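Just need the structure, nothing else, for what follows:
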Amino acid sequence: MHNHNLPDNVRQWITNSIGPGASIQSTRQLSGATSSTPHHIETMYKGRQHDFVLRRFTKTEWLLDEPDLALHEAEVLKKAADVQIATPELIAYDETGEHCDVPAILMTMVPGMVELYPHDFDKWLYELAAALLPIHALDADTFPWAYFTYGDISAVTVPQWSYQPDLWEKALQIAKQPLPNVPQRFIHRDYHPFNVLWQGSHLSG
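This is a model prediction of the structure:
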């Protein structure tokens, strides 16, 4: 049993959220996260093992800028449930930290591993690109959160270290143009190989 690294009130909230009779068998902090503290939660419920991920928003500066992080993430997971690829299913969320000491979400665990060195790079790249199509197909007109940039694009200049300043200049000209008037679509926003899971040679979630 390895559940000593989460406070009792957090563990109680987890089991209450899963259902009557649920018990935590072990917890393990997951590595690699930069914006939150995630834990793998192994539970027994109705005679079967169920694996969940608890994501606790522990970065104070992020919460000061975006105090609705848990609510935002919960609504994102609900929206992502319409995507025809595996995404975590929302189980519960603690919007204010009333139960978990910090805002948090509890979701199902999607099986798979991060793959950074594929045997077939072209197939790997194709599946990464293909997974974006059903995400971008979702209409986001009624979604209450809109994209915004974390940095000031107008202040970005061609870096001195670049060996291809002309390409940088072209890219910056495109990035600094006014946003096009197009339908609002659902996006991942933080799409990169560390946020994609694989089983064997296939993208799993």
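
Let me see the ranges of the helices in the protein.
Taking DSSP state H to define them, one finds helices in the chain at 8-18, 60-65, 69-80, 121-136, 165-175.

Val110 is nearest to which of those?
Among the helices of the chain, the nearest to Val110 by CB to CB is helix 69-80 (11.1 Å). Just so you know, the C-beta spots here come from the backbone N, C-alpha and C atoms, and that holds for glycine as well.

got the buried residues for the closest one?
Leu69, Ala70, Leu71, His72, Glu73, Ala74, Glu75, Val76, Leu77, Lys79, Ala80 (16 or more other CB atoms under 10 Å).

Equivalent analysis for stretch 190-205, please.
Buried, per 16+ other CB under 10 Å, within stretch 190-205: Val196, Trp198, Leu203, Ser204, Gly205.

pLDDT below threshold where in this protein?
Residues of the chain meeting the criterion pLDDT under 70: 1-4.

rerun at 90
For the chain, applying pLDDT under 90 flags the ranges 1-5, 31-36, 59-66, 82-85, 101, 139-142, 146-154, 179-184, 189.

what sits against the closest residue to Thr96 other than its chain neighbours?
In space, and not counting its chain neighbours, Thr96 is closest to Pro103: 6.3 Å by CB to CB, 6 or more residues apart in numbering. Contacts for Pro103 (CB atoms under 8 Å, 6 or more residues apart in numbering) come out as Arg56, Phe57, Leu63, Pro67, Leu69, Ala70, Leu71, Tyr93, Asp94, Glu95, Thr96, Gly97.

swap the cut-off to 7 Å and go again
Phe57, Leu63, Leu69, Ala70, Asp94, Glu95, Thr96, Gly97 (CB atoms under 7 Å, 6 or more residues apart in numbering).

The second one against Ala70, yeah?
This means Leu63. No: counting by CB atoms under 7 Å, Leu63 stays clear of Ala70, with 9.2 Å between them.
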